[in-house]
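>>> Below are the sequence and a predicted model; questions follow.
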Amino acid sequence: MPRRTLLPVCSSLAVGALIVACGGDGGPTGAEPVDTTPPPPPSVRPRTVEAHDIGNQGSAGDLEVRFQRARDHLQATAYRILVEPAPAALTVSEALALGPDRYREVEVPSEGARVVLDGLTATDGSPVVEGEDYAVRVLGVAAQADSLSQLSTAASARLADAAVVRTLGPGVVGGTGGLAIAGDGTVFMADFVSTVYRIAPGGEPEVFSEGHATPSGNLVLADGSLLQSNYADGSIDRIAPDGTVSPYVEGLVGPVGMTLAPDGAVLVVDCNVNEVRRVADDGTFTTFAESPLLLCPNSITTDGSGTFWVVNFRDGAVLEVNDAGDVSVLARVPGTNNGHIVHHDGALWLTSLETRRIYRVTLDGSVEAVAGSGAIGMSDGLALEAEMARPNGIVIDAEGRFLYWNDHFGDALNAYADGPAVLRRLEFAREGG
């Protein structure tokens, strides 16, 4: 009987596709295993939630919430911002069951969101007030099923009666020129390119006048018209309340900030010749003050008594000018690049472009930073924690409640760079809480 040789099963079946069942050493390896683990559910959890106190009204309108959209943002239909009395305790199902007055719904943002919570109550129905601890969370509402919705981690919030910085409304394309303010709170903002904007209280920028030659400093007159200096062509325009422009002064060499003397004459700093000029009613001008201390004088203010104060663009000096035109140094602020200055309530307030801060200078020369951390940026919040980029023009409203300045989102070292330039506000703490 012939001898039979038994072959391994895999060898006897090494035909067609089954050959893959044998390893290179002749032993079987088997097919690749099939992963039967279900994919993870989509993540609609909002990320990087922050809560900032940016107002001083003692309500939810002081609270700004910032967050980044979820990883799987296409699976979220909306985000709901919740303010819970601390500590955070709501479950997802409880958060989904809240009424619309207990959350602020936000559409899925392109990247991140910044939302001010005007009119919102806490999740328990109580008003959001100062002095209480809150946990701010954002609920990502899932498109597929409520069970897939997710809550973010909590950000702590506690509103306080403290000075805060807030950015107002949208910006405008342009740089940062001067600011002026009317008695009703309307702010005029020059863009240092060609346009002057008018911003009513609570409103957005609208074009007031166009066609100027790098408009810089400005001044509201008693009849409601606006004087607007044009740095590039050495002129000053007079703009009527309806926006009609007429020439007022020609022949200056880099005019910037302006103020009024006690007799009603206009004083203007003329940067490129380092002088303060006095302008007569007919538009002619004479030199009021000249001194080696004037180094591209950029802004001038007064208390109405005949004493004036000037800041330079090329150093940090705060200069005092008496009614005879004599110039002396009152103080020096950090940095070598001041913006504009305003007198209010017995003190001087000025912007420093280089240090990205706002300073208060007393009339005896003491200097105090009142806003700005020194870091470059545009974040709002508590005054000394807020960021700035290129603070320049500065005004204070008649009641002394708000200090305004214009700032710049673009190149912090280039006033001509595309903006937007924005109006920002320092809200002083309320006296007595």
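Structure received. Since this is a predicted model, take the numbers as computed values, not measurements.
>>> and whichever strand or helix holds G169, how far from the chain's centre?
Assigning secondary structure by DSSP states H and E places G169 in strand 164-172. Relative to its chain's centre, strand 164-172 lies at 5 Å (C-alpha atoms, centre = their mean, to the nearest Å).
>>> element containing L139, please.
strand 134-142.
>>> quick one: that strand to chain centroid distance?
25 Å.
>>> Okay, now the sheet partners of it, with direction.
strand 76-85 (antiparallel), strand 150-151 (antiparallel), strand 155-157 (antiparallel) (DSSP bridges).
>>> What are the buried residues along that strand?
134-142 (16 or more other C-beta atoms under 10 Å). Just so you know, the C-beta spots here come from the backbone N, C-alpha and C atoms, and that holds for glycine as well.
>>> what does stretch 291-301 give?
Neighbour counts over stretch 291-301 (16+ other C-beta under 10 Å) mark 291, 293-301 as buried.
>>> How about stretch 337-347?
Applying 16+ other C-beta under 10 Å to stretch 337-347 flags 337-344 as buried.
>>> Stretch 239-252 too?
For stretch 239-252, the neighbour count (16+ other C-beta under 10 Å) marks 239, 245, 248-249, 252 as buried.
>>> Among the residues you listed, which are located in helices?
Of those, none are assigned to helices by DSSP state H.
>>> Following element in sequence after the strand holding G169, please.
By DSSP H and E, the next helix or strand past strand 164-172 is strand 179-181.
>>> I'd like the next helix or strand past that following strand.
Assigned by DSSP H and E, the successor of strand 179-181 is strand 187-190.
>>> now what about that next one, what contacts it?
With contacts defined as C-beta atoms under 8 Å, 6 or more residues apart in numbering, strand 187-190 is touched by 172, 177-182, 196-199, 205, 208, 212, 215-218, 220, 226, 228, 393, 395, 404, 406, 421, 423.
>>> Could I get the CA-only coordinates of the helix or strand that that strand is followed by as CSV?
As assigned by DSSP H and E, the chain's next helix or strand after strand 187-190 is strand 196-199. Presented in CSV, the C-alpha positions along strand 196-199 are these (Å, rounded to 0.1, in the frame of the first residue of the first chain):
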residue,chain,number,x,y,z
VAL,A,196,-14.9,111.7,11.1
TYR,A,197,-17.5,109.5,12.7
ARG,A,198,-20.3,110.4,15.1
ILE,A,199,-21.4,107.9,17.8
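>>> for the buried residues of strand 134-142, which one is nearest F313?
Of all the buried residues of strand 134-142, F313 sits closest to V136, with 42.0 Å by C-beta to C-beta.
>>> For that closest one, which non-adjacent residue is closest in space?
Computed as C-beta to C-beta, 6 or more residues apart in numbering, the closest residue to V136 that is not its neighbour in sequence is A51, at 4.2 Å.
>>> Same question for that neighbour, what's its three-state structure.
Recorded secondary structure, A51: strand (DSSP: H, G, I helix; E, B strand; the rest coil).
>>> Whichever strand or helix holds V256: which residues count as buried?
Assigned by DSSP H and E, V256 belongs to strand 255-260. Residues of strand 255-260 classed as buried by neighbour count (16+ other C-beta under 10 Å): 255-259.
>>> elements contacting it?
If you count contacts as 3 or more C-beta pairs under 8 Å, 6 or more residues apart in numbering; DSSP states H and E, strand 255-260 packs onto strand 215-220, strand 226-230, strand 235-239, strand 266-270, strand 297-302.
>>> cutoff 7 Å now
The contact analysis (3 or more C-beta pairs under 7 Å, 6 or more residues apart in numbering; DSSP states H and E) places strand 255-260 against strand 215-220, strand 226-230, strand 266-270, strand 297-302.
>>> neighbouring strands for the next helix or strand along the chain from the third one, and are they parallel or not?
Meaning strand 266-270. Next in sequence after strand 266-270, counting helices and strands by DSSP H and E, comes strand 275-279. Applying DSSP bridges to the sheet, strand 275-279 is found paired with strand 266-270 (antiparallel), strand 285-290 (antiparallel).
>>> Strand 226-230 and strand 275-279, what's the angle between them?
140 degrees (axes from the mean of the first three to the mean of the last three C-alpha atoms, to 10 degrees).
>>> Cool, thanks, signing off.
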